[in-house]
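Asks: The sequence and its predicted three-dimensional model are supplied below.
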Amino acid sequence: MLRLAVEGGGCSGFQYRFGLAENIDADDAVAETDGVKLVVDSMSLDLVRGAQVDFVESLGGAAFRVENPNAASGCGCGSSFSV
């Protein structure tokens, strides 16, 4: 399972952190698409509610991309945002 969390930092105030989830905690939200589970902790959920997460590959490499409707602004590299 893929875990998405939001933590303070980055050039815009908040940054996304991806990792692998071994467990689903009682207060986690879980979304599943095509057999892939995305786990989000309750603290991060308000900051990413309604967001779309996609895996993209380009000439520059491969990465997860978050399209977050709650983000008021973001940095040039797309790894941090503000609300």
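Replies: Cool, the structure landed. Small disclaimer: the values here were computed from a predicted structure and weren't measured. Numbers count the residues shown, from 1 in each chain.

Asks: Run me through the strand neighbours of the helix or strand of the chain with the lowest mean pLDDT, direction for each.
Replies: When each helix and strand of the chain is scored by mean pLDDT, DSSP states H and E, strand 73-74 comes last, with a mean of 72. In the sheet containing strand 73-74, the strands it pairs with under DSSP bridges are strand 80-82 (antiparallel).

Asks: So for the strand it pairs with, mean pLDDT?
Replies: Across strand 80-82, pLDDT averages out at 76.

Asks: now stretch 10-24
Replies: Mean pLDDT, taken over the full extent of stretch 10-24, equals 88.

Asks: tell me how far it is from the chain's mean position?
Replies: Offset of stretch 10-24 from its chain centre (CA atoms, centre = their mean, to the nearest Å): 6 Å.

Asks: tell me which residues of that stretch are tucked away?
Replies: For stretch 10-24, a neighbour-count test (16 or more other CB atoms under 10 Å) marks 10, 12, 13, 14, 15, 16, 21 as buried. C-betas here are computed from N, CA, C, even on glycine.

Asks: which other residues reach stretch 67-74?
Replies: Judged by CB atoms under 8 Å, 6 or more residues apart in numbering, the contacts made with stretch 67-74 from elsewhere in the structure are 12, 46-52, 54, 80-83.

Asks: mind checking pLDDT for the residue sitting furthest away from the middle of the chain?
Replies: In the chain, the residue that sits farthest from the middle, by CA atoms, centre = their mean, is residue 59; the gap is 22.0 Å. As predicted, residue 59 sits at a pLDDT of 89.

Asks: Would you check how far apart it and residue 47 are?
Replies: Taking CB to CB, to the nearest Å as the criterion, residue 59 is separated from residue 47 by 30 Å.

Asks: Repeat that for residue 55.
Replies: 20 Å.

Asks: more crowded one of these two?
Replies: Taking neighbours as other CB atoms under 10 Å, residue 55 and residue 47 compare with residue 47 leading, 18 against 10.
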